[in-house]
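Quick check, what structure comes out for this input:
(chains A, B, C and D, ligands or ions: 6)
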Amino acid sequence: MIESFKIGDVEFKNRILVASGTFGYGDEVPDLVDISKLGGVVTKSLSMKPRDGNPNPRITETASGMLNSIGLANIGVQKYISDKLPVLKKYDTKIVANIAASSVDEYCKVLELLDAQQRVHGFEINVSCPNVKEGGLSFGTDVKLVSLITKELRQRTRKPLIIKLTPNVTHISEFARACEAEGADAVSLINTVIGMAVNIHKRTPKIATTTGGLSGPAIKPIALAKVYETVNAVKIPVIGIGGIVSWEDAVEFFIVGASMVQIGTANFINPATGITVAEGVKKYCENNGFDDVGRLVRTLQTNKTISIVDSWL
Amino acid sequence: MIESFKIGDVEFKNRILVASGTFGYGDEVPDLVDISKLGGVVTKSLSMKPRDGNPNPRITETASGMLNSIGLANIGVQKYISDKLPVLKKYDTKIVANIAASSVDEYCKVLELLDAQQRVHGFEINVSCPNVKEGGLSFGTDVKLVSLITKELRQRTRKPLIIKLTPNVTHISEFARACEAEGADAVSLINTVIGMAVNIHKRTPKIATTTGGLSGPAIKPIALAKVYETVNAVKIPVIGIGGIVSWEDAVEFFIVGASMVQIGTANFINPATGITVAEGVKKYCENNGFDDVGRLVRTLQTNKTISIVDSWL
Amino acid sequence: MKQEIVPIHSLEFLSKEILELTFISEYLASTAKPGQFINIRVGDNFPLLRRPFSIFNVDENRVSIVFNVIGTGTKVLARKQKGETIDVLGPCGNDFLSFVDDSFDTAVFVAGGIGVAPFRFLTKKLYNNKQIVTFLGGRHKEQIIASGLQNIKIATDDGSQGFKGTVLDLIKDDFSKNMYKRPRFFLCGPTRMMKAVSEFATGIGADCCASMECDMACGIGLCQGCNIEMNGGDKKYRLVCKEGTIFETKNLKF
Amino acid sequence: MKQEIVPIHSLEFLSKEILELTFISEYLASTAKPGQFINIRVGDNFPLLRRPFSIFNVDENRVSIVFNVIGTGTKVLARKQKGETIDVLGPCGNDFLSFVDDSFDTAVFVAGGIGVAPFRFLTKKLYNNKQIVTFLGGRHKEQIIASGLQNIKIATDDGSQGFKGTVLDLIKDDFSKNMYKRPRFFLCGPTRMMKAVSEFATGIGADCCASMECDMACGIGLCQGCNIEMNGGDKKYRLVCKEGTIFETKNLKF
Ligand SMILES: Cc1cc2nc3c(=O)[nH]c(=O)nc-3n(C[C@H](O)[C@H](O)[C@H](O)COP(=O)(O)OP(=O)(O)OC[C@H]3O[C@@H](n4cnc5c(N)ncnc54)[C@H](O)[C@@H]3O)c2cc1C
Ligand SMILES: Cc1cc2nc3c(=O)[nH]c(=O)nc-3n(C[C@H](O)[C@H](O)[C@H](O)COP(=O)(O)OP(=O)(O)OC[C@H]3O[C@@H](n4cnc5c(N)ncnc54)[C@H](O)[C@@H]3O)c2cc1C
Ligand SMILES: Cc1cc2nc3c(=O)[nH]c(=O)nc-3n(C[C@H](O)[C@H](O)[C@H](O)COP(=O)(O)O)c2cc1C
Ligand SMILES: Cc1cc2nc3c(=O)[nH]c(=O)nc-3n(C[C@H](O)[C@H](O)[C@H](O)COP(=O)(O)O)c2cc1C
Ligand code: FES
Ligand code: FES
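Ligands and ions are numbered 1, 2, ... in the order given. Okay, here's the model as predicted:
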């Protein structure tokens, strides 16, 4: 059974990663999870300077999901390099550094610092950050900016470059195409969906920033549809993220066309979800005659008799 | 306690409506629900010709939600006028006719036929329909088309004209502004969110059309955020829809700024949800010193110290 | 049709796999007819949608359903306790007795697996002048629930009870040996089984109706989610929950 | 720290409102310390996130928590049965004993409502040479759980048990009458109560630590959702689940 997958020159031992912001820097739960069994760990988003993050409350539960606005609290790229990377040496898994920034320049600088680190195997770029120049509008909703960021970063690294797309746009495939055109090795999706919840006793938002990012099983159907749209638009690998809590969920993403998947919110419930997902996917492939998980990718059989024009909701 | 609300010249006895496509034409459940206790009934989307709708399977359950692609199965506007409207005479509630079409011209024709009917009190325009001219791209994702539809329909009716917006766009408030500019009396949101689910045994989509519309509690946070964005952009009333199953949910929408709400998927579980919501909202207002439900609208207190630029997720 | 919160009277295993849940409802006990179903809210929050179940039995003010634990909803149901309440909505759908006219002498009941559910109640209520023969199919014997039925013939895939093979094989075998006067078929079970048996029935010139299964969001005609394709006629689709669940199989595009 | 599926030993009402859930775990029984919490997956699918609960008692291989039914998670917990299993993750957070040093003679425990949870276990494990005085506050007597505590003084809002008034009023009253040698305060309960009592403690020059509550997504430092604002120091925020739940109140920006 072949479980591994290559992006650029980097071989991930399996197709299951843990998602940014849901697994710390990889060293938080050594006694609960053997991270060497994961395809890779995507770090919490790293910015140039350390960030305190947003005020409390930062999270709230919703129906089959949760909202968060952590505010990208992180220790900053320098401290990550000095304090965290050395600890991660002992784990046999790939480290994908996720980068967040508030200017194109900052993206470049953070990437350059990390690119020099052997222990960093690749990059995932979080473009769902407010662009300070544009008064806080998200980079990720402007296809020109996403192109520009991809282009600039591509010039600065030969390691796998993955752009993480936001679902909060009309046509996510446009963004994926732009990333492909500028040389990204892969796109990952989805980041969280903008959402909100209200405390009706206090008549205040349930999280301090009013709106936040929705994640968890509630958004799985949305993520699958966005992945479906994207795999029909680009040739580079698509990494599926959103609401995966079981191996069955991951199999859905592979069938639709994701080449890899990431586990996010589920880590909060069962930190070892990635491992049980990897095992379950493997067994499913065995039982269904796939000798490589890759053969499962994009096996979806759709009803060809239904045209788009007819498919009114 | 004032519960009523006026849009244009039409007074709804309370602010709770049942949503299009989730309550048939209003005559399906007379023994289960006293519809005279509802502010109004929004009909299933009506098109010029009867529509058979999509093949089976049309629905599937997801985490705290469901996907549907009914395909706007409906009896057509003429049969609605001849067979359904007369039956509805006996109910003391407002009838909002929801219109779906595949061309601007069809929207106009259906509206004209219905505008002549005294028993039709207002219109809700479903713009989440495929534009046949544009190869099936949804009208609702093109702000120029939404403007055009609003403008054309406004010229043809003096009854309340509500445009129902799709959430599957980057900035829903742009669309609301366009509707306001062209004279819409209100906007309603959200329609369903594009989603998908996969049967991993057959490796087929769980609904025949591959993707469908996600509704139910799972999307409530998304709907609240879209309503919040919209009430901050327009002065016309905003009707909140999405995942309401309890009066508490409705109160969240009112606090955020919705002037009315609609109950959709919840009708499938408890067809009388609208009535219990209306009663609960009333009691909440009584207990909290609001003598008019309208006073509750937009009472949200947000944390003013957090700027947009700072509100990284 | 009513929505009621009703107390659970009992929950019992009828076999290793199949549970009978009995609850108390004067209303349903007095109005429900064989072949109708009720729509149960199994949990407060989870799963979201109701689950439809055929009415298995009615006894005084007690109504029961049978089910096997296959997914999220039945898992929750299986943990209910006597004294708890459940939220039921019904009776829904058409019923066998109003559906068929009197033009038959032998009622041939064919059930696949849990599709046996409506036949006990139907046996009780069927016109007295009719003969009944009941064919039950299942993967193995724990899927066979024969109580309250008449003239029972059983087929299991593994041969653990009765004939070894499909219920269709059993029917063919049986019909080659026995003569039934003016038979009419009543089917309930997996679609594939019903299609096959329906073809057999048509082949011998017998009328055949079937209670169709389909994912349902509402069960009462509101969502239009439960469409079934018709074989010609004025409408392309009909709603299983409201215009069915019982159809003449000849009208269906299986 | 471990994630375990453990069998439920018992579920009992300690008062009309408060339940004690006891389960069997050798591991937790031998490792958990007073003030730590465990994170329970109360249902398979619903609610989504675990719920944190203070460790109430440890007895041989049995560990228990106390809770009152307020929302979705505790509603599900309250319906568990002996013999069922639950999924627990822990022990989480820091503990009172490692947190405080020896520089006090009287341990002043102050609990509001269900905030009493950690004090029984802490009473059992506290250094022998310390005096204990325990102040319990609640809205009414069904919120007061006094078992296993020492030198108990009770305040209820409605006066249905003990002093009528807030626990702070009671403390003030009591401290005006009694002299406690080198008191150190240990607080657990609603934030507002803890803030008020902490101000009193600071006012009399006593050290004061508190176990802070906060919505948590993970309970183990992964999500960064449980931040609490510090009063100066190197970091603006700390994580309640990992760097707490116990903090010196003087370091907190209440
Ligand atoms: C009119 C009507 C009457 C019904 N009467 C009964 C009845 O009397 N007794 C009864 O037990 N059920 C009956 N059903 C089915 C019932 O409503 C539920 O669908 C079924 O019990 C499973 O519900 P669940 O929530 O446990 O499973 P879900 O979690 O909803 O489904 C589990 C998964 O298993 C799949 N699945 C569903 N059924 C099967 C199957 N048979 N084999 C393999 N996979 C399957 C589904 O695709 C789904 O993905 C009836 C359905 C209808 C429409
Ligand atoms: C470290 C830690 C230890 C804890 N220890 C215990 C413990 O030992 N025993 C215990 O019972 N709980 C304890 N809690 C709280 C517990 O985790 C749950 O939050 C609580 O039991 C409610 O969960 P629920 O799912 O029932 O309610 P939810 O459905 O999550 O919440 C119900 C709603 O009620 C509101 N709410 C929450 N608490 C209150 C309140 N007190 N009054 C009014 N409204 C409220 C919430 O805002 C929410 O909207 C602890 C929490 C933490 C962080
Ligand atoms: C608490 C929390 C923090 C997150 N932080 C980040 C982050 O720092 N950078 C990032 O790119 N995505 C972040 N995400 C998004 C996740 O990586 C993931 O894209 C999203 O949660 C959807 O997947 P899920 O449904 O499996 O959680 C965060 C998500 C959560 C819930
Ligand atoms: C089965 C189903 C059918 C629907 N049909 C229509 C429709 O015909 N026209 C329309 O404008 N919206 C339709 N909707 C969308 C709902 O009116 C509503 O906007 C959406 O479901 C979100 O609300 P909810 O979460 O309360 O269901 C339909 C929704 C469902 C679930
Ligand atoms: S299940 Fe909703 S119409 Fe049949
Ligand atoms: S609850 Fe997740 S970090 Fe504390």
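
Which residues are in contact with residue 196?
Answering for chain A, as no chain was given. A:67, A:205, A:210-212, B:221, B:224-225, B:228, B:256 (CB atoms under 8 Å, 6 or more residues apart in numbering or on different chains). The way it works is simple: take the backbone N, C-alpha and C, and place the C-beta from them, glycine included.

not quite, I wanted chain C
Contacts for C:A196 (CB under 8 Å, 6+ apart) come out as C:166, C:168.

Now do the buried residues in the helix or strand it falls within.
C:A196 belongs to helix C:191-203 when elements are defined using DSSP states H and E. Within helix C:191-203, the residues scored as buried using 16 or more other CB atoms under 10 Å in any protein chain shown are C:191, C:193-194, C:196-198, C:200-201.

Could you single out the nearest of the residues you listed to ligand 3?
For these, the minimum distance to ligand 3 (CB to the nearest ligand atom) is 34.6 Å, reached by C:T191.

ok, that closest one touching C:I228?
No. Using CB atoms under 8 Å as the test, C:T191 is too far from C:I228 to be in contact (9.8 Å).

Next, show the common contact partners of the two.
What both C:T191 and C:I228 touch, as defined by CB under 8 Å, 6+ apart, is the set C:M212.

Can you name the residues that contact the nearest residue to A:V169 once chain neighbours are set aside?
Spatially, and ignoring its direct neighbours in sequence, A:V169 is nearest to B:T170 (4.7 Å; CB to CB, 6 or more residues apart in numbering or on different chains). With contact taken as CB under 8 Å, 6+ apart, B:T170 is in contact with A:141, A:168-170.

What strand or helix carries B:T170?
Using DSSP H and E, B:T170 sits in no helix or strand.

could you measure it against D:E84, distance?
Remark: distance between B:T170 and D:E84 (CB to CB, to the nearest Å) = 47 Å.

Show the contacting residues for the residue in the stretch 1-150 of chain A that ligand 4 sits nearest to.
Using CB to the nearest ligand atom, the closest approach of the stretch 1-150 of chain A to ligand 4 is made by A:A63 at 10.5 Å. A:A63 sits next to A:218, B:64-65, B:216-218, B:220, B:243, C:45 when contact means CB under 8 Å, 6+ apart.

Now for C:D59: which residues touch it?
Each residue near C:D59 by CB under 8 Å, 6+ apart is listed here: C:A29.

which residues does it bridge with?
C:R62 (DSSP bridges).

And the pLDDT at it?
At C:D59, the predicted lDDT confidence score is 94.

quick one: it from ligand 5, how far?
C:D59 sits 28 Å away from ligand 5, going by CB to the nearest ligand atom, to the nearest Å.

Can you get me the start-to-end distance on stretch C:174-186?
Chord length of stretch C:174-186, first to last residue, is 16 Å (CA to CA, to the nearest Å).

Return the distance of it from the chain's centre.
21 Å (CA atoms, centre = their mean, to the nearest Å).

any chance you could read off phi and psi for the closest residue to ligand 6 within the stretch 1-150 of chain C?
Going by CB to the nearest ligand atom, ligand 6 is nearest to C:N45 of the stretch 1-150 of chain C, at 22.7 Å. Dihedral angles of C:N45 (phi, psi; degrees, to the nearest 10) stand at phi -120, psi -20.

how close does it get to C:E199?
C:N45 is 43 Å from C:E199, by CB to CB.

same check, this time on A:V187
50 Å.

How about A:A258?
Applying CB to CB, the value for A:A258 to C:E199 is 41 Å.

ok, now C:R139?
For C:R139 relative to C:E199 (CB to CB), the value is 22 Å.

Distance check, the closest residue to C:I18 other than its chain neighbours against ligand 5.
Spatial nearest neighbour of C:I18, excluding adjacent residues (CB to CB, 6+ apart): C:N68 at 5.1 Å. Distance of C:N68 to ligand 5, computed by CB to the nearest ligand atom: 22 Å.

Contact partners for C:N68?
Contact analysis of C:N68 by CB under 8 Å, 6+ apart lists C:17-19, C:74, C:113-114, C:143.

out of the residues you listed, which are buried?
Taking 16+ other CB under 10 Å as the criterion, what is buried in these is C:17-19, C:74, C:113-114, C:143.

Find the helix or strand that A:F253 is a member of.
Element membership for A:F253, per DSSP H and E: helix A:247-256.

does any part of that helix sit near chain B?
Yes. Contact of helix A:247-256 with chain B (CB under 8 Å from any CB of the partner chain) involves A:248, A:251-252, A:255-256.

Skipping adjacent residues, who's closest to C:F104 in space?
Take C:F104 and drop its neighbours on the chain: the residue closest to it by CB to CB, 6+ apart is C:R184, 3.6 Å away.

Quick check: can you name the pairing partners of the helix or strand containing the one you found and their directions?
Assigned by DSSP H and E, C:R184 falls within strand C:183-188. Strand pairing for strand C:183-188, determined by DSSP bridges: strand C:106-112 (parallel), strand C:207-211 (parallel).

could you dump those to JSON lines with mean pLDDT?
Shown next, in JSON lines, are the strands paired with strand C:183-188 (pLDDT from 0 to 100):
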{"stretch": "strand C:106-112", "mean pLDDT": "96"}
{"stretch": "strand C:207-211", "mean pLDDT": "96"}
